[in-house]
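Undergrad: just coords:
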Ligand SMILES: Cc1ncc(COP(=O)(O)O)c(C=O)c1O
């Protein structure tokens with residue numbers, strides 16, 4: 001268990017923030033890294049060509065280590081949608097072949113597949129929300145020899161419904177389908193092993209469970225796609241770009257590995273240091289310890305909410321960093337406003353109240369959440 005880390009954050013005592021799935025707050029060392037990065041750009045004469053590569057390489061290594069991958073396989077991207085669009089550009093879909101997604105999946109991992117299936121004559125399978133909450137069995141059921149791509153998260157963004165990615169990845173491998181994972185709602189708070197999941201593309205935006213800045217993310221690309229087509233033609237991604245005097249000796253060859261998929265202006269001088277500081281802290285905590293700590297916290301909240309008549313998602317079928325709470329008669333009108341007035345922050349997704357804590361939450365936050373809910377019912 002990780003002891004409460006509230007002092008690392010800028011969280012007033014009277015704010016009970018249970019909305020990490022919306023956006024994580026930044027730790028003070030992450031803010032300091034960003035501030036230093038902005039100040040650095042004010043003195044460009046101190047930035048040398050090697051600095052353009054050092055930040056991305058450090059970040060690639062930290063991201064790779066978090067998922068048991070290789071730094072060479074990691075690309076720096078601005079958003080999950082960018083990574084998923086890269087996957088969509090590089091995985092073939094034959095006419096009538098299927099792309100499998102989940103009902104209610106986050107739009108960044110849906111629209112691009114709709115477009116690709118329209119372009120290729122492919123088809124869509126949307127796995128219905130299973131009555132028994134077992135997404136893994138429902139997904140496995142939907143995969144067959146005609147499946148080109150399975151594109152899912154590790155847990156559902158609305159309520160944390162858990163997917164056994166090793167089982168799904170193994171099945172994809174058996175039928176020759178590609179597995180594209182959007183880990184934005186889990187990476188950092190849920191252990192993930194890219195090899196065990198057989199992931200072709202494993203993608204995450206930084207601003208939620210990776211505790212980093214907005215407008216930055218990372219993507220692990222399996223080596224079989226390393227000859228693929230990037231979305232854009234970023235000069236840094238070309239071989240030899242370290243030599244700024246020779247950039248107009250245009251070249252067809254790329255930097256090694258997944259670097260060809262890097263976004264333009266890869267060397268973002270304020271966002272990358274922030275992501276690096278956040279990733280370093282996550283490594284110190286470890287995703288396994290974050291998961292254990294948050295599972296304990298959501299378990300406590302679920303038990304206390306049950307006393308108010310709220311129905312919690314089954315802990316065996318949800319990721320521990322998420323809790324979906326349902327109200328027997330639907331959510332009371334104005335619930336979010338009442339909670340926000342009491343400075344309690346959660347989300348409503350569908351008819352489920354999404355409670356997503358992190359290591360900054362304490363017992364007083366939980367008391368405030370429960371008492372405000374009691375007063376709102
Ligand atoms: C599952 C999931 N993926 C991705 C994102 C963010 O997508 P993007 O980085 O494309 O804005 C979110 C945001 O809520 C999300 O819940």
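TA: Cool, the structure landed. Treat the numbers as computed from the prediction; the structure is a model and nothing was measured.
Undergrad: phi, psi of the closest residue to residue 200 other than its chain neighbours?
TA: Counting by Cβ to Cβ, 6 or more residues apart in numbering, residue 178 is the residue found nearest to residue 200 once chain neighbours are left out, at 4.4 Å. Placement of C-beta: from N, CA and C, glycine included. Dihedral pair for residue 178: phi -90, psi 150, per degrees, to the nearest 10.
Undergrad: Residue 134 too?
TA: Taking degrees, to the nearest 10 as the convention, residue 134 sits at phi -90, psi 90.
Undergrad: What pLDDT is listed against it?
TA: With respect to pLDDT, residue 134 has a value of 97.
Undergrad: Show the contacting residues for it.
TA: Contact analysis of residue 134 by Cβ atoms under 8 Å, 6 or more residues apart in numbering lists residue 317.
Undergrad: how much space is there between it and the ligand?
TA: Distance of residue 134 to the ligand, computed by Cβ to the nearest ligand atom, to the nearest Å: 20 Å.
Undergrad: Same question for residue 180.
TA: 12 Å.
Undergrad: Check what pLDDT that residue gets.
TA: 99.
Undergrad: Now name the helix or strand holding it.
TA: In the assignment (DSSP states H and E), residue 180 maps to strand 178-182.
Undergrad: Now do that strand: everything it contacts.
TA: 80, 83-84, 87, 91, 106, 108-109, 148-154, 165, 168-169, 172-173, 197-204.
Undergrad: Can you tell me which of those are classed as buried?
TA: Among the contacts of strand 178-182, the ones that count as buried by 16 or more other Cβ atoms under 10 Å are 80, 83-84, 87, 91, 106, 108-109, 148-154, 165, 168-169, 172, 197-204.
Undergrad: and those residues, which of them are in helices?
TA: Mapping those onto helices (DSSP state H) picks out 80, 83, 84, 87, 165, 168, 169, 172.
Undergrad: Before we move on, what's the pLDDT of the third one?
TA: What it means is residue 84. As predicted, residue 84 sits at a pLDDT of 98.
Undergrad: Give me the neighbour count for the residue lying closest to residue 241 once chain neighbours are set aside.
TA: What sits nearest to residue 241 in space, not counting adjacent residues and going by Cβ to Cβ, 6+ apart, is residue 235, at 5.8 Å. Using other Cβ atoms under 10 Å, residue 235 is surrounded by 13 other residues.
Undergrad: How about the contacts made by residue 172?
TA: Residue 172 sits next to 143, 147, 150, 178, 179, 198 when contact means Cβ under 8 Å, 6+ apart.
Undergrad: Can you tell me the SS state at residue 353?
TA: Classification of residue 353 using DSSP: H, G, I helix; E, B strand; the rest coil returns strand.
Undergrad: Which strand residues bridge it?
TA: Counting by DSSP bridges, residue 353 is bridged to residue 325, residue 348.
Undergrad: Against the ligand, how distant is residue 48?
TA: According to Cβ to the nearest ligand atom, residue 48 and the ligand sit 31 Å apart.
Undergrad: What separation do you get for that residue and residue 194?
TA: Look at residue 48 and residue 194: by Cβ to Cβ, to the nearest Å, they are 33 Å apart.
Undergrad: between the two, which one's more packed in?
TA: residue 194 (24 against 9).
Undergrad: so the more buried one sits right up against residue 69, yeah?
TA: Yes: between residue 194 and residue 69 a contact is recorded at 4.5 Å, counting by Cβ atoms under 8 Å.
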